[in-house]
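Novice: Pasting the sequence and the predicted model now:
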Amino acid sequence: MPKPLPAVLFALLLLATGVGLYFFTSSSRSGERAAGLESALRKQQAEMADLRATLEGQNAALRQQLAERGIVPVVPPPASHKADPDARRVEMVREIAQLQARLAAAHASITELQNRTQELEAVSANLTAENKRLAASESSVREDLDGSRRVVQAMEAELRAKSDRLSQMEVTLRKAREEQTASAQKGSAAATLATELLEINRRRENTVTALQRRYRELTDQLRALAMRLDRERDNPVAAVPDISRIQTAVQSAEDDLRQLANLNVQAQRVTQKLNQK
């Protein structure tokens, strides 16, 4: 049957834990590291308390089982004050040795925790430096992005302005082409009218020339008729052919005059069309 844990040993263990906590607290270099180690020691104390409670529960369960079977456990007699002083000293030395061993183990744990804390502090310092470097890099990248965004916005604005100017130029070019087409059409029509007017003028000149020729012919015929009438006053019938030719010439001249009048009207109409172009 397991024996209950002696109260003196438990008290010494608590004392060792307190001493370890004192050494740890006094040797810690920062509040955060001391708090972490103190938390670890408190956790160990809680585990020891749980162990004590477990052992006491096991002892109680064993006593109950023995009582149910009618077995009375032998309780060791209380220590006599008249015991051998050497035995007590030996027991105390043994307990002190155990306490020192536990204290050394606690110091080793504290040293290990301190080393681990230093490693964690170094890692934390590296992480802090890395975070600062990343923050600086992020700031630089953000500045570069902002600069690139501003450049892109300026380029977009310039492209929009160029697109607007290009649209205006396209509209102007389209109007110019339309005007050029209209001018070409007008020029073609004007050329046609000019050609027509030239043809009319040519016909007018020909008609005027024909009228001049007929005028000379009429003049000659009238002069010849007058001379014939002077020579042959007694024979007026002889002048009939001359009079017939004169009438034919006059009729032809009148036709030429009417044709000239028509050509003048056509020329005036074409001239008005040219002025409208």
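Specialist: That came in fine, so what should we check first? Numbering: from 1, shown residues only.
Novice: Can you list the helices and strands that the one helix or strand R94 maps to packs against?
Specialist: Element membership for R94 (DSSP states H and E) is helix 85-231. Packing contacts for helix 85-231, counted by 3 or more C-beta pairs under 8 Å, 6 or more residues apart in numbering; DSSP states H and E, involve helix 7-27, helix 31-68, helix 240-276. Backbone N, C-alpha and C define where each C-beta goes, glycine included.
Novice: quick one: low-confidence ranges for the stretch 151-277 of the chain?
Specialist: Scanning the stretch 151-277 of the chain for pLDDT under 70 picks out the ranges 232-240, 277.
Novice: Could I get the contacting residues of N126?
Specialist: Contact analysis of N126 by C-beta atoms under 8 Å, 6 or more residues apart in numbering lists nothing.
Novice: cool, L173 as well?
Specialist: Residues in contact with L173 (C-beta under 8 Å, 6+ apart): none are found.
Novice: For S163, see how far away it is.
Specialist: Distance, L173 to S163, by C-beta to C-beta, to the nearest Å: 15 Å.
Novice: can you check R89 too?
Specialist: R89 is 105 Å from S163, where distance means C-beta to C-beta.
Novice: again, but for N275
Specialist: 44 Å.
Novice: Show me the domain layout of the chain.
Specialist: 7-72+92-139, 187-276 (automatic domain parsing).
Novice: Send me stretch 111-123 as PDB with only the CA atoms.
Specialist: Only the C-alpha atoms of stretch 111-123 are listed here, as PDB (Å, rounded to 0.1, in the frame of the first residue of the first chain):
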ATOM      1  CA  THR A 111      18.600  28.200 -16.700                       C
ATOM      2  CA  GLU A 112      17.000  26.300 -19.600                       C
ATOM      3  CA  LEU A 113      14.000  28.700 -19.500                       C
ATOM      4  CA  GLN A 114      16.300  31.600 -19.500                       C
ATOM      5  CA  ASN A 115      18.200  30.300 -22.500                       C
ATOM      6  CA  ARG A 116      15.000  29.600 -24.200                       C
ATOM      7  CA  THR A 117      13.800  33.100 -23.300                       C
ATOM      8  CA  GLN A 118      17.000  34.600 -24.800                       C
ATOM      9  CA  GLU A 119      16.500  32.500 -27.900                       C
ATOM     10  CA  LEU A 120      12.900  33.700 -28.100                       C
ATOM     11  CA  GLU A 121      14.100  37.300 -27.500                       C
ATOM     12  CA  ALA A 122      16.600  36.900 -30.300                       C
ATOM     13  CA  VAL A 123      13.900  35.500 -32.600                       C
END
